[in-house]
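J.: Give me a model of this one.
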Amino acid sequence: MTQPISPFFGAYNARHYNPEEVASQFVPSERFWKLISLRHSLLVGPRGSGKTHLLKMLQPKALAAWTHEQADRARKDIQYHGVFISADVNWRTQIKQRQTLLPDELSAKYGLAVFISHLREAIISCMLQLTRDRPTNDHASFLKYDMTVEQEAEIVSMISMSWRLRPQINSLLALKHRIVDQIGELSLSRNLSIPDLKQVLDQFQPDVLSTARQAINAFNSVTGSHDARWALCFDELEIAPPEIQEELLALLRSTDQRIIFKLAISPFNLKTEVLNHITSASPGNDYDPIPLWFADIRETTQFCRELWDIQTKGTNAEHLGPNAILGHSKFHFVEPTAVGKANRYRKNSTWSRVFTSLARKDISFAKYLQDKGVHPSLASIDTHLMDKVVRKVAPLAGFRDAYLSSEQSSKSGLKLRIIKTPPADVFSGWEAACILTEGNPRWFNGLVSRLIIKWESNGRSLSKSVQAREFSNASEKFLAWISAVPINSAELSGRLRGGLRGLTLMLGDVFRESVLEGPFSADPVLAFTVDKNISEPVRELLVAALNVGAIVSMDEKEVDLTLSNLTGHRFRLVHLLAPTYKLPLRTGNERALNSILGRENGSKIKPSARTPKNTLQGLNSKPKNSNQEDLFHGKY
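T.: As a prediction, this is how the structure comes out:
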């Protein structure tokens with residue numbers, strides 16, 4: 001039996017929090033403001049990216065308890081009752097185990113019945129939050145219905161009749177208890193004969209929409225809120241039975257104005273193929289696709305700053321900004337003014353010292369500058385060369401200089417510095433912490449909590465070297481976590497037999513060689529494209545890597561946010577693995593995956609390989625906004 005996987009930074013998993021606890025830690029991002037709109041939404045992100053937290057915040061009790069400065073804005077804008085429906089690995093296992101013992105005609109009906117039971121429980125839980133189950137601090141009595149006992153009894157009577165249930169008394173709480181009992185009965189259904197089980201399954205509605213409508217009609221009519229809207233928020237849709245997945249994705253074109261669907265799903269799912277059909281819902285028109293990864297470093301940093309404030313509350317760091325404790329990142333800091341930016345690339349500046357140092361130890365870099373007409377000291381450089389050459393390669397030069405020793409080998413003229421931890425100048429500072437964790441709340445909170453502990457235990461000082469060790473520890477912890485993900489490696493070869501660890505190690509080696517082990521390249525290979533003839537075992541390995549967040553999609557088109565086919569798509573390693581594999585916190589050129597797989601024969605990659613036209617935004621691309629010109633000129 002496969003051992004359960006320990007969650008990476010699992011203490012920050014919103015799955016285990018009640019609505020009030022969720023609200024106490026919640027930080028709104030631009031994704032949240034898009035999610036709360038009166039439209040269908042499709043949240044896309046790997047495990048740990050915040051999907052559960054976002055959906056749980058749409059519950060009435062969470063919104064009523066929220067004390068954030070933007071809480072009133074959210075309570076004003078949200079025009080529906082949020083029903084959170086949690087998918088659970090345990091009941092998915094229950095479904096699969098029972099289905100194997102059932103004839104085909106009952107197998108699908110059983111999976112549907114288990115799912116509908118949990119949907120019923122979630123709807124009644126929401127109704128309780130609207131009436132009796134209120135938070136301790138009930139702000140402005142948000143979405144509160146002052147219901148009489150008679151009204152409640154009427155609602156329960158109507159729902160019970162529709163759902164074929166018989167609670168002991170006509171109260172919402174008694175109805176919820178009856179539903180919970182029914183879930184238990186389904187789990188024990190192996191003791192029923194096939195005719196008896198068929199009779200039990202016939203009590204359930206055949207689809208999600210009719211189940212929800214019956215309850216909504218009863219509540220709205222009795223309370224007199226005939227036009228009240230309800231948002232059905234389905235978490236981890238990939239765990240649901242395939243028939244349910246297809247139904248819910250198809251319902252993104254639903255015309256029932258009272259019901260809004262908010263679906264959370266992993267980046268890859270075969271059932272999202274339904275979204276590519278001509279008659280299916282389309283992004284932007286029928287629903288809003290919301291990716292839970294950040295492309296803009298300023299947006300990432302702003303979001304992380306609010307997470308920082310939550311994490312440091314009650315500590316000695318509560319009234320100190322992150323820069324006061326972590327300092328600025330040497331290679332990622334953005335000057336607030338144009339004058340500051342210009343001065344960073346002048347003679348005797350930090351970058352001048354970096355260029356001079358690297359040119360002395362790396363002949364290939366010195367030749368690159370010479371060919372471009374740039375002196376390593378950056379003296380007397382004109383604006384054109386500064387923009388076209390210096391700013392473009394500065395972060396790569398800094399990264400390479402930090403890793404390369406001044407001792408040169410006779411073979412390549414380069415030698416990696418032997419250090420136990422990543423260079424402190426590369427993996428330290430506030431901006432680097434934000435980029436490393438990519439705005440992932442669980443990763444960021446896990447890293448920052450460790451940094452604050454170190455800061456307090458070291459007498460309220462935190463050196464760059466201590467930060468680099470914590471960055472490295474977080475990277476190794478994540479690698480250990482993904483290494484425990486069960487993978488069928490019987491048909492894999494070489495290092496891929498090591499599962500996700502083997503895959504990331506193979507990719508990391510290729511990318512590191514491109515950045516550090518060959519002649520200097522302004523366009524190193526740091527991404528890969530999936531070939532159309534990739535084998536099925538390798539495809540399954542990539543799917544696992546994508547859904548746990550080990551690799552990140554580089555596609556920007558909305559239609560590509562949920563993938564049902566990997567062919568032709570571009571990916572990179574998650575930045576959290578950068579300290580382990582000696583990679584810069586940036587993107588770069590791409591290489592075909594089959595070419596990378598074929599390097600087992602000893603061939604090296606060509607760091608100067610060019611990216612095909614109209615593909616990945618590389619270092620030569622113009623930044624989307626001028627505020628990012630001092631960064632890595634790529635997508636985070």
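J.: what's near enough to touch residue 478?
T.: Taking Cβ atoms under 8 Å, 6 or more residues apart in numbering, we find residue 478 in contact with 8, 443, 574, 576, 577. All C-beta spots, glycine's among them, are computed from the backbone N, C-alpha and C.
J.: which residues touch the stretch of helix or strand residue 156 belongs to?
T.: Assigned by DSSP states H and E, residue 156 falls within helix 149-163. Here helix 149-163 makes contact (Cβ under 8 Å, 6+ apart) with 120, 124, 127, 131, 147, 165-167, 170-172, 174-175, 203, 205, 211, 214-215, 217-219, 221-223.
J.: let's see it at 7 Å
T.: If you take Cβ atoms under 7 Å, 6 or more residues apart in numbering as the criterion, helix 149-163 is touched by 120, 166-167, 170-172, 175, 214-215, 218-219, 222-223.
J.: What of stretch 356-375?
T.: 376-377, 381, 385, 389-390, 397, 400-401, 404, 406, 408, 413-414, 519-520.
J.: Following element in sequence after the helix holding residue 156, please.
T.: helix 172-187.
J.: Compute the inter-axis angle for the helix or strand just after that following helix and helix 172-187.
T.: Per DSSP H and E, the first helix or strand lying C-terminal to helix 172-187 is helix 194-201. Here the directions of helix 194-201 and helix 172-187 differ by 150 degrees (axes from the mean of the first three to the mean of the last three Cα atoms, to 10 degrees).
J.: circling back: who wins for most neighbours among the contacts of helix 149-163?
T.: Most neighbours among the contacts of helix 149-163, by other Cβ atoms under 10 Å: residue 175, with 29 neighbours.
J.: my guess is it meets residue 127, correct?
T.: No. At 8.9 Å, residue 175 does not count as touching residue 127 under the criterion of Cβ atoms under 7 Å.
J.: Where do the helices of the stretch 1-150 of the chain begin and end?
T.: Assigned by DSSP state H, counting those that start in this stretch, the stretch 1-150 of the chain shows helices spanning 19-25, 30-35, 51-56, 60-65, 71-77, 89-99, 104-131, 149-163.
J.: I'd like these written out as TSV, with distance to residue 299 and mean pLDDT added.
T.: Listed next are the helices of the stretch 1-150 of the chain as TSV, based on distance: least, Cβ to Cβ, whole Å; pLDDT from 0 to 100:
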stretch	distance to residue 299	mean pLDDT
helix 19-25	20	91
helix 30-35	6	93
helix 51-56	16	93
helix 60-65	23	95
helix 71-77	18	93
helix 89-99	32	62
helix 104-131	31	88
helix 149-163	43	96
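J.: can I get these in CSV with distance to residue 526?
T.: Putting the helices of the stretch 1-150 of the chain into CSV (distance: least, Cβ to Cβ, whole Å) gives the following:
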stretch, distance to residue 526
helix 19-25, 33
helix 30-35, 25
helix 51-56, 27
helix 60-65, 39
helix 71-77, 38
helix 89-99, 34
helix 104-131, 41
helix 149-163, 54
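J.: For residue 537, which of the ones you listed is the nearest?
T.: Evaluated with Cβ to Cβ, the helices of the stretch 1-150 of the chain place helix 89-99 nearest to residue 537, the distance being 21.9 Å.
J.: By mean pLDDT, which helix or strand of this protein comes out lowest?
T.: Across the helices and strands of the chain, mean confidence by mean pLDDT, DSSP states H and E is lowest for helix 338-343: a mean of 49.
J.: picking up where we left off before, turn the contacts of helix 149-163 into JSON lines, columns for distance to residue 494.
T.: Formatted as JSON lines, the contacts of helix 149-163 follow (distance: Cβ to Cβ, whole Å):
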{"residue": "120", "distance to residue 494": "49"}
{"residue": "166", "distance to residue 494": "60"}
{"residue": "167", "distance to residue 494": "59"}
{"residue": "170", "distance to residue 494": "65"}
{"residue": "171", "distance to residue 494": "62"}
{"residue": "172", "distance to residue 494": "58"}
{"residue": "175", "distance to residue 494": "57"}
{"residue": "214", "distance to residue 494": "55"}
{"residue": "215", "distance to residue 494": "54"}
{"residue": "218", "distance to residue 494": "60"}
{"residue": "219", "distance to residue 494": "58"}
{"residue": "222", "distance to residue 494": "65"}
{"residue": "223", "distance to residue 494": "63"}
